[in-house]
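Peer 1: please find the sequence and the predicted model below.
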Amino acid sequence: MPNTSPDSVTITRPDDWHLHLRDGAAMASVLPHTARQFGRAIVMPNLKPPVTATALAAAYRDRILAALPAGMTFEPLMTLYLTDNTPPDEILRAKDSGFIHAVKLYPAGATTNSDAGVTDLVKCYKTLETMQEVGMPLLVHGEVTDPEIDIFDREAIFIERVLQPLRQAMPKLKVVLEHITTQDAAQYVARAEGPIAATITAHHLLYNRNEIFKGGIRPHYYCLPILKREIHRQALVAAAVSGNPRFFLGTDSAPHPKGLKENACGCAGCYTALHAMELYAQAFDQAGALDKLEAFASFNGPAFYDVPRNAGSVTLQRQSWTVPVELPLGDASIVPLNGGESINWKLL
């Protein structure tokens, strides 16, 4: 059990099961924020060009480790970017590598740098069958991209049209429905048969879609999948604090330069790596469930991915502090979620 009091909580060192690090100078700017809190992180492969092969993942991993500040310990868990043409042999190479832990499905056009994503999942079935055979998880951005579908309905329709048929065809394929945002997704993951799990972001636990429009358009609260109605936020909180091992932490922290967020066509993504555990502590505290935070943040993910729990611990203390308005991002700057605002928990 975590060591909790009304004013502090100490838990096993957590992991981030969905993270964007980017590359180059931007990566060097944001990596320390994650490494300060998390022992490991599943690193997204949607670079330009995307990480589609084991050799590319190895090179990316080397760049991440080279950028890690001296004295910090952190293990990047690499992923491959699934395309219409990913060969089954690449899955075997990835599995044999020991450092690639999953393959990411981006429906083409669904989010940042997803243009090379899958146009029709049927084209990938032989590759997915190989993943099922070797136990390689499929990480899913669960939204349809049909422009006629309302943006607030795209997750629920993805489950119905894409995910359920896939899992009926491949019932032993390990699937993580990432950054879920709806009651539909939470209920599906909780009740479905077979090896399935879901990650939940801090911002989807804390905010509903009103947050994007308070006092005007607030682009730093715009992400994909987009924030939903309050009933969906409440369902996500209920799932996260339920103790169900299928739900675990994934920040989906996504660094974009300030100028590309505060833009006529602003990028989708919230930057939360700076203060991720503080935000999760705030969400669990608001739900009266600080005692459930350790399983969600530190136990459930390793169990699903079949890796050991981290050694060591982190301590969060109830303490009001102000999130910086901006942070460096290579030669640019980035605005973290809640920039300039106060939050009530602090990682010691």
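Peer 2: On my side now, so go ahead. Numbers count the residues shown, from 1 in each chain.

Peer 1: Ile91 against Val103, yeah?
Peer 2: Yes - using C-beta atoms under 8 Å, Ile91 is in contact with Val103, at 7.0 Å. The way it works is simple: take the backbone N, C-alpha and C, and place the C-beta from them, glycine included.

Peer 1: and for those two, which residues touch both?
Peer 2: Common contact partners of Ile91 and Val103 (C-beta atoms under 8 Å, 6 or more residues apart in numbering): Leu80, Met131, Met136.

Peer 1: wait, what's in contact with the first one?
Peer 2: Think Leu80. Applying C-beta under 8 Å, 6+ apart, we find Leu80 in contact with 45, 51-54, 57, 86, 90-91, 94, 100, 102-104.

Peer 1: the strands in this structure, which residues?
Peer 2: Using DSSP state E, the strands of the chain run over 3-5, 8-12, 16-19, 40-43, 75-81, 100-105, 138-140, 175-177, 196-200, 247-249, 313-322, 327-329, 332-334, 342-347.

Peer 1: okay, now Glu129: neighbour count?
Peer 2: The tally of other residues near Glu129 (other C-beta atoms under 10 Å) stands at 14.

Peer 1: where's it relative to Met78, distance?
Peer 2: Separation of Glu129 from Met78 (C-beta to C-beta, to the nearest Å): 22 Å.

Peer 1: kindly report the same for Val118.
Peer 2: In terms of C-beta to C-beta, Val118 sits 19 Å off from Met78.

Peer 1: one more: Leu290?
Peer 2: 32 Å.

Peer 1: where's Ala35 relative to Ala28, distance?
Peer 2: For Ala35 relative to Ala28 (C-beta to C-beta), the value is 11 Å.

Peer 1: do Ala240 as well
Peer 2: Taking C-beta to C-beta, one finds Ala240 at 31 Å from Ala28.

Peer 1: which one's more surrounded, those two?
Peer 2: Counted by other C-beta under 10 Å, Ala240 and Ala28 do not tie: Ala240 has more neighbours, with 30 against 20.

Peer 1: that one touches Phe284, doesn't it?
Peer 2: Yes - contact status for Ala240 versus Phe284: in contact at 7.4 Å, counting by C-beta under 8 Å.

Peer 1: common neighbours of these two, please.
Peer 2: Lys292, Phe296.

Peer 1: can you give me the helices in the stretch 201-348 of the chain?
Peer 2: 202-206, 230-240, 258-261, 276-286, 293-294, 300-305 (DSSP state H, counting those that start in this stretch).
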